[in-house]
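**Student:** Fold the following and give me the result.
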Amino acid sequence: MALSMVAFNAGSTEGAGGAPVSVKRVVVWNGEEANIGAGWVNPKTCSIGPQSAEAHSGNTALEFKFKGGNQWLGAGWNWCHFKTGTNVGTDASAMRNLTFWIKTKGKAGDLQVNLLCNGAVLDTPEEHTVKVPVAGYCPHFLDGQWHEVVIPLADLNQIKGFNPKIISEIHLGFKAGQEADGSFFIDDISFDDRVGGAQPVAVSVADGALGPELAPRFLGLSYEMSMLLPKDGRYYFDPNDHALVNSFKTLGIKSLRVGANAVDDPRIPVPQEKDIDELFNFARAAGVQVIYSFRLKNGDPADSARLAGYIAAHDADALDCYSIGNEPNFFLKTYEAFFAEWKPHYDAILKAVPLGMIDGPSANAPYAVRLARDLFAEGHLKMVSDHYYFLGSGRLGEKNPPETRARFLSNSLHKDYEKAWAALGAVLAAQGVPYRIDELNSCYNGGAKNSSDTYASTLWALDCTHWWAAHHIQGMNYHTGESVGRDETFGAANYAAFVHQPKGKGFNMRPQAYAYLAFSQGAQGRPLPVQIQTAPAFDFNAYAYRDKDGSIYLTLINKSYGDKAQLASVTVVLPKGAPAGVWQRMDLAQIDHDIAAKAGVKLGGAAISPQGTWSGRWKKVKAPPSGNTTVEVAPASATILRLSPGK
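**Tutor:** Below you'll find the predicted structure:
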């Protein structure tokens with residue numbers, strides 16, 4: 001009897017406490033290493049046996065060929081070659097699942113499977129499990145593509161007399177209606193101890209023809225104002241730093257906001273004309289527009305006006321708008337106190353630059369709502385802004401990293417987004433006021449070590465960015481940099497997208513950078529409404545866009561991992577009239593699917609180089625040229641799909 005034990009890492013390798021999870025598998029038949037067996041069929045119009053025309057892995061798979069109508073069509077494959085005995089068979093007592101790969105050809109029916117254990121006499125009733133429908137675990141197994149079927153052994157109810165230590169046979173069959181004629185190809189029959197099988201997901205995309213396009217400068221970064229000042233005679237924002245310019249372009253960064261804690265910190269000098277020139281020269285090289293902040297706390301309106309006039313005269317082509325102060329709600333405790341100090345800067349800037357535009361208040365929702373009410377009608381408030389750190393305190397997050405990473409990947413965060421949207425975004429949208437989150441990241445005070453700097457942050461940021469894009473805001477600026485405001489001073493940021501290499505030129509790309517890259521690849525054109533049907537506890541999300549050329553993009557994010565890791569079998573249903581074309585995919589994953597990892601992330605099979613370049617590729621998907629398609633998304637990963645019309 002040919003059996004093979006294989007250990008492999010399935011899905012995320014992080015279990016409780018962050019330890020790697022090894023999945024054990026017993027392969028009972030795959031046509032190569034495990035290739036012994038014999039079969040039976042009923043009626044004789046059917047057959048079963050190895051063949052080499054179709055295979056999921058290797059060169060050989062089983063074919064259950066059937067033909068008949070108005071009767072039960074069945075077959076079995078016994079990998080013990082019908083040898084009897086109470087010690088003959090496969091011991092699956094420590095396993096959780098029966099798994100196999102299946103492909104359907106021709107006109108078939110609702111296939112059911114069950115298992116048979118061995119014994120002194122073959123095929124007695126008490127040696128069977130109950131039958132279960134394959135469609136319950138793989139709804140789309142009839143579509144002509146290869147699919148993995150994962151059936152928990154607990155679902156194969158074992159009646160008294162069944163012995164899971166001597167399993168020897170799989171039964172396949174279905175009740176044919178009128179005339180059934182075709183084949184089921186079966187490969188890689190095994191047992192494993194994975195927790196959870198493939199989770200069916202249905203993603204339905206609506207037309208959304210009347211929705212707005214994604215804002216052109218949606219994806220942005222936010223830096224401390226101190227990053228404008230030279231260090232050891234060198235500027236961070238250097239237009240000749242090709243690695244930094246490349247990084248911005250590769251990641252798809254279109255907005256650069258400078259300000260944050262440093263803009264109001266008396267320990268930080270206010271940048272002057274030379275510093276400003278260097279920043280805007282870099283902005284031109286990187287193709288970004290700048291949101292430029294002036295000091296509010298103990299600041300001088302005349303100085304704000306002077307520098308605003310200089311920027312307007314020299315750098316208007318790369319300026320998005322001005323901003324005044326940072327999170328003033330922390331030092332001006334009422335809106336009235338804030339407005340009394342903020343408005344003189346606003347007036348002075350507009351006197352110096354009559355066509356100037358302002359972003360504000362860069363505070364909280366109550367201040368933002370009132371500022372919009374008081375000033376938007378004047379025509380100089382380009383957008384209203386606030387800040388979010390949805391995962392709370394970085395220092396608290398560091399006390400239990402596995403728990404914090406779990407919060408990063410939980411769909412319960414969407415309730416926080418919805419609450420934030422209701423408090424400000426929805427209010428502004430109803431008034432026609434543009435809204436931008438001009439500073440955010442996972443945890444405040446520089447992020448949480450071993451969470452904000454891990455692959456968990458990649459999947460969190462990708463999901464978060466798409467969620468807000470689907471709500472049609474103006475954009476988001478993720479805070480980053482070599483140094484950020486944290487713990488009452490300035491220090492290294494755990495959530496930084498990239499940081500300079502210790503020696504030499506170039507950057508170390510942190511995991512979160514790949515979220516920005518993946519967003520830029522998949523967020524093309526107009527966000528489309530999406531409905532998701534799956535198990536309520538399954539942390540899965542999907543987002544869709546239609547580009548100007550008619551291409552449809554979808555981003556599918558499977559955030560399950562560890563003990564709850566599940567492959568997602570995703571059926572995509574497009575709106576009527578979707579163009580015919582070619583499906584392609586690009587996968588985002590950490591090499592070990594380890595959400596605690598701090599390296600090893602790739603998109604489209606490639607990493608971002610220290611010089612900020614990336615060579616990832618799209619892969620063709622075997623799928624119908626239009627309409628529905630089914631793809632599988634691994635645990636702790638994301639897949640970007642693209643349907644290109646007429647290509």
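**Student:** ok, now which ones touch residue 646?
**Tutor:** By C-beta atoms under 8 Å, 6 or more residues apart in numbering, the contact set of residue 646 is 579, 580, 581. No exception for glycine: its C-beta is placed from N, CA and C like everyone else's.
**Student:** which ones are touching residue 541?
**Tutor:** 411, 463, 466, 467, 532, 556, 557, 559.
**Student:** which ones among the residues you listed are found in helices?
**Tutor:** 463, 466, 467 (DSSP state H).
**Student:** Going by secondary structure, residue 25 is in what exactly?
**Tutor:** Assigned by DSSP states H and E, residue 25 belongs to strand 23-29.
**Student:** Mind listing the strands that strand pairs with, and their directions?
**Tutor:** Here strand 23-29 is paired, per DSSP bridges, with strand 4-8 (antiparallel), strand 180-192 (antiparallel).
**Student:** then stretch 262-281 to CSV, C-alphas only?
**Tutor:** Provided in CSV are the C-alpha atoms of stretch 262-281 (Å, rounded to 0.1, in the frame of the first residue of the first chain):
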residue,chain,number,x,y,z
ALA,A,262,6.4,68.9,14.3
VAL,A,263,4.6,71.8,12.7
ASP,A,264,3.5,73.1,16.2
ASP,A,265,6.5,71.9,18.2
PRO,A,266,8.6,74.9,19.5
ARG,A,267,11.7,72.6,19.4
ILE,A,268,11.4,72.3,15.6
PRO,A,269,12.5,75.4,13.6
VAL,A,270,10.0,76.6,11.0
PRO,A,271,11.3,75.6,7.5
GLN,A,272,12.3,78.6,5.3
GLU,A,273,12.5,79.3,1.6
LYS,A,274,15.5,77.1,0.8
ASP,A,275,13.9,74.1,2.6
ILE,A,276,10.6,74.8,0.8
ASP,A,277,12.3,74.9,-2.6
GLU,A,278,13.9,71.5,-2.0
LEU,A,279,10.5,70.0,-1.0
PHE,A,280,8.7,71.3,-4.0
ASN,A,281,11.5,70.3,-6.4
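**Student:** what comes into contact with that stretch?
**Tutor:** 224-230, 235, 237-239, 258, 290, 292-299, 303, 307, 310-311, 314-315, 318-319, 325-326, 331, 485, 490.
**Student:** May I see the strands paired with strand 23-29 organised as JSON lines, with distance to residue 594 and mean neighbour count added?
**Tutor:** JSON lines is the format used below for the strands paired with strand 23-29 (distance: least, C-beta to C-beta, whole Å; neighbours: other C-beta atoms under 10 Å):
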{"stretch": "strand 4-8", "distance to residue 594": "14", "mean neighbour count": "10"}
{"stretch": "strand 180-192", "distance to residue 594": "19", "mean neighbour count": "21"}
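**Student:** comparing these, which gets the lowest mean pLDDT score?
**Tutor:** Ranked by mean pLDDT, those end with strand 4-8 at the bottom, a mean of 30.
**Student:** Out of the contacts of residue 541, which comes closest to residue 158?
**Tutor:** residue 559 (33.1 Å; C-beta to C-beta).
**Student:** Does the closest one touch residue 636 like I think?
**Tutor:** Yes. If you go by C-beta atoms under 8 Å, residue 559 and residue 636 touch, sitting 7.1 Å apart.
**Student:** Report the separation between residue 633 and residue 559.
**Tutor:** Going from residue 633 to residue 559 by C-beta to C-beta, to the nearest Å gives 10 Å.
**Student:** Now do the buried residues in the following helix or strand past the strand holding residue 25.
**Tutor:** Next in sequence after strand 23-29, counting helices and strands by DSSP H and E, comes strand 38-42. Buried residues in strand 38-42, defined by neighbour count with 16 or more other C-beta atoms under 10 Å: 39, 41.
**Student:** Which elements pack onto strand 38-42?
**Tutor:** strand 47-51, strand 72-78 (3 or more C-beta pairs under 8 Å, 6 or more residues apart in numbering; DSSP states H and E).
**Student:** follow-up on the earlier one: please identify which of the strands paired with strand 23-29 is closest to residue 62.
**Tutor:** Among those, strand 180-192 sits nearest to residue 62 (C-beta to C-beta), with 4.4 Å.
**Student:** which residues are contacting the next helix or strand after that closest one?
**Tutor:** For strand 180-192, the following helix or strand on the C-terminal side (DSSP H and E) is strand 199-205. For strand 199-205, contacts defined as C-beta under 8 Å, 6+ apart pick out 137-139, 528-535, 538, 540, 542, 544, 552, 554, 556, 560, 566-575, 578.
**Student:** how distant is stretch 426-434 from the center of its chain?
**Tutor:** Stretch 426-434 sits 28 Å away from the centroid of its parent chain (C-alpha atoms, centre = their mean, to the nearest Å).
**Student:** Return that stretch as CSV; C-alpha atoms alone will do.
**Tutor:** Presented in CSV, the C-alpha positions along stretch 426-434 are these (Å, rounded to 0.1, in the frame of the first residue of the first chain):
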residue,chain,number,x,y,z
ALA,A,426,-21.6,61.3,5.6
VAL,A,427,-22.3,64.8,7.0
LEU,A,428,-19.9,66.5,4.6
ALA,A,429,-21.1,64.4,1.7
ALA,A,430,-24.7,65.5,2.3
GLN,A,431,-23.5,69.2,2.1
GLY,A,432,-21.2,68.7,-0.9
VAL,A,433,-18.1,69.4,1.0
PRO,A,434,-14.9,67.5,0.0
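**Student:** Identify all contacting residues around that stretch.
**Tutor:** Contacts for stretch 426-434 (C-beta under 8 Å, 6+ apart): 368, 369, 372, 376, 381, 382, 383, 384, 435, 472, 474.
**Student:** Write the ChimeraX selection for whichever of those residues are buried.
**Tutor:** Paste this into ChimeraX to select the buried members of the contacts of stretch 426-434, with burial taken from 16+ other C-beta under 10 Å:
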select :368,369,372,376,381,382,383,384,435,472,474
